[in-house]
Each structure stands twice: as structure tokens, then as C-alpha cells.
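Q: using only what follows, build the 3D model:
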Amino acid sequence: MDSVSALILAGSLFIIMLGMGLSLVPADFQRIFTRPKAIFTGLVNQLILLPLIGFGLAFLIPVDPVVAVGIIILAACPGGSTSNLISHLAKGDTALSVSLTAASSLVTVLTIPFIVNLGLVTFIGEDTVVRLDILPTIIQIFAIAVFPVIIGMLIRRYRMNFAIQMARPVRIASAIVLALVIIGIVIKERDNMLRYFHEAGIIALILNVTTMATGYFSARLMKLDFKQAISISIESGIQNGTMAITIATVLLANSQYAFAPAVYSLIMFGTAGVFIAWVLRQKESKTSSV
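A: The predicted structure is shown next:
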């Protein structure tokens with residue numbers, strides 16, 4: 001990827017994370033201590049089970065190594081800010097969703113380079129792999145993914161009306177940016193698209209469905225209520241595709257690694273729609289049976 005494209009993509013992620021910051025308040029982080037069981041369950045799904053499932057599927061399903069690495073990059077990333085909107089539409093616990101997104105975005109700054117490097121060494125090979133330098137990667141991810149969140153929160157703190165007015169436009173812009181990024185990757189990798197799409201589509205769909213199901217049933221196992229289980233399920237399956245694509249194309253300078261995250265980003269909206277329909281039907285059946 002050329003320097004101009006890399007700068008545009010990094011800037012796009014900066015804007016997306018700024019938009020997330022505009023919707024956050026300190027109470028979203030305080031819930032980590034006031035609702036420990038729900039937060040703990042969500043973070044275990046996001047930070048531990050998701051990468052483990054990603055590695056497991058990449059081992060079990062025969063895919064091209066670049067697709068496997070793309071899946072691991074995606075699995076290392078935090079939940080996407082879109083998950084908060086989807087949780088709201090599904091009538092889940094939106095406050096929990098926001099808190100989990102915020103917490104995972106902070107923690108994964110530290111975990112991403114280790115998980116991605118393990119994926120690179122495992123599926124590409126020790127001798128041929130270009131690995132992420134740990135400290136510079138942490139600094140870079142902090143600069144484009146955490147620092148803008150802090151700026152957004154400061155804007156909300158001191159310019160509340162402006163932050164509220166900008167929240168929806170930034171969310172729409174984020175969706176447009178993601179769509180343009182995916183189109184750009186498809187155009188750049190059009191020669192490999194058909195070969196990768198079939199493999200990436202299958203493993204991405206299985207990963208998405210498996211992680212959402214794991215999130216839901218683990219929450220129920222922990223005796224969390226239905227709304228909390230909905231949000232944890234969504235947080236487990238709706239990932240920050242833009243960050244994954246940025247890591248692949250900017251930090252690793254290999255757009256082929258970005259194909260699986262791009263495909264996943266498309267699939268997760270479809271499965272989220274199905275999940276929302278199922279949740280609303282469950283709520284209707286419970287209401288009618290009362």
C-alpha cells in the first residue's frame with residue numbers, strides 16, 4: 001500500500017474512533033467495577049475465546065495462509081463501535097455494550113501485537129514472516145485507536161451539544177469509510193478475489209456465528225439476564241473491521257491479509273440482522289405468553 005493510501009486509512013480509523021469517543025462518558029468505564037460479572041464475561045469472550053476460536057478454525061479449516069492470518073488479525077481486534085448501535089436495535093443492554101467496546105479497545109492495544117505475531121509465525125512461517133515490533137506497534141495503535149477516543153471524550157465533556165450533534169454524522173461517515181475501504185481492497189486484490197473469497201467467506205461466517213453463539217450461551221451460563229446476553233453476544237461477534245484492515249495494510253503492508261477482515265465486515269451485518277430478528281421474536285413470544 002502506498003503512503004498516501006496508508007495515511008488515508010489510518011486517518012479514517014482515527015475519525016471512527018473519535019466518533020466512538022464522542023459517545024463515551026467516564027461512567028462507561030466505571031461500570032467495569034460496578035458490574036464486574038457482566039464485564040468479565042464479555043471481556044473473556046472478546047480477549048480470550050475469540051482469538052482461541054480464530055486459531056482453532058484456521059487450523060481445522062483448510063484455507064490459504066493469508067486468509068488464516070487475516071482471521072487472526074480480526075480476532076485480535078476489539079469490538080467495533082457499530083456493535084453499540086446493533087445492541088440498541090436488538091434491545092440489549094446498550095450501556096454494557098458501550099462499556100465492553102471501550103474496555104476492549106483499551107486492552108487490545110497491548111494484546112494485538114502478540115496475537116498477530118503468533119498468527120504470522122504459525123501460518124506464514126518463522127523465516128519468511130514480517131512481524132510487528134511490539135513497542136512501536138502498541139504506540140501506533142494507541143495513536144490511531146485510543147488517543148482519538150480520549151479526544152472525543154474531552155469534546156463530549158466540554159462541548160456536550162456538539163458531541164451529540166456529531167455522533168450520528170460520524171457514525172454514518174464510519175460506515176461509508178468502511179464500505180470504501182472494502183471496495184478498494186476488492187479492486188486491488190481483484191486477481192486473487194475469487195480464490196480468497198470462497199475460503200474467507202466460509203471461515204468468516206463460521207467464526208462470526210460461533211463467537212456470537214459462544215457469547216450468548218456463556219452469558220446465560222453465568223446467569224446474566226437476557227439483555228446482557230444479547231449485548232455480550234453482539235460484542236463477541238461484531239469486530240472492528242477497519243482496525244483489522246489498517247493493521248494488515250498499514251502496519252504489515254500486505255493488503256492480502258485484509259481480505260478476510262473485509263469479507264467478515266460484510267458478513268457480520270447480515271448475521272447481526274438475523275440475530276436482531278430472532279431476539280425481537282423471542283421478546284414477542286415472551287410478551288404474548290404473559
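Q: any stretches of the stretch 101-250 of the chain with poor pLDDT?
A: Applying pLDDT under 70 to the stretch 101-250 of the chain flags residues 126-131, 174-175, 178, 181-182, 185-186, 188-195.
Q: which parts of it are helices?
A: 134-141, 147-158, 160-188, 190-221, 226-237, 241-246 (DSSP state H, counting those that start in this stretch).
Q: closest one to Ser83 among those?
A: Closest of the helices of the stretch 101-250 of the chain to Ser83 is helix 226-237, at 5.1 Å (criterion: CB to CB). C-beta: built from backbone N, CA, C; applies to glycine.
Q: between helix 190-221 and that closest one, find me the angle.
A: Helix 226-237 runs at 150 degrees relative to helix 190-221, counting by axes from the mean of the first three to the mean of the last three CA atoms, to 10 degrees.
Q: could I get the helices of the stretch 101-250 of the chain as JSON lines with mean neighbour count?
A: Formatted as JSON lines, those follow (neighbours: other CB atoms under 10 Å):
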{"stretch": "helix 134-141", "mean neighbour count": "16"}
{"stretch": "helix 147-158", "mean neighbour count": "17"}
{"stretch": "helix 160-188", "mean neighbour count": "15"}
{"stretch": "helix 190-221", "mean neighbour count": "18"}
{"stretch": "helix 226-237", "mean neighbour count": "28"}
{"stretch": "helix 241-246", "mean neighbour count": "28"}
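Q: so which of these comes closest to Thr34?
A: Of these, nearest to Thr34 by CB to CB is helix 226-237, at 13.5 Å.
Q: and the contacts of the closest one?
A: Where contact means CB atoms under 8 Å, 6 or more residues apart in numbering, the residues beyond helix 226-237 that reach it are 38, 41-42, 45-46, 49-50, 79, 83, 86-87, 90-94, 96-97, 100-101, 104, 208-209, 211-216, 218-220, 224, 268, 271-272, 275, 279, 282.
Q: closest one to Leu74 among the helices of the stretch 101-250 of the chain?
A: Counting by CB to CB, Leu74 lies closest to helix 241-246 out of the helices of the stretch 101-250 of the chain; the figure is 4.4 Å.
Q: C-alpha coordinates for the closest one, CSV please?
A: The C-alpha trace of helix 241-246 is given here as CSV (Å, rounded to 0.1, in the frame of the first residue of the first chain):
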residue,chain,number,x,y,z
GLY,A,241,-13.0,-4.4,10.8
THR,A,242,-11.5,-1.1,10.0
MET,A,243,-8.8,-1.6,12.6
ALA,A,244,-8.1,-5.1,11.3
ILE,A,245,-7.7,-3.8,7.8
THR,A,246,-5.5,-1.0,9.0
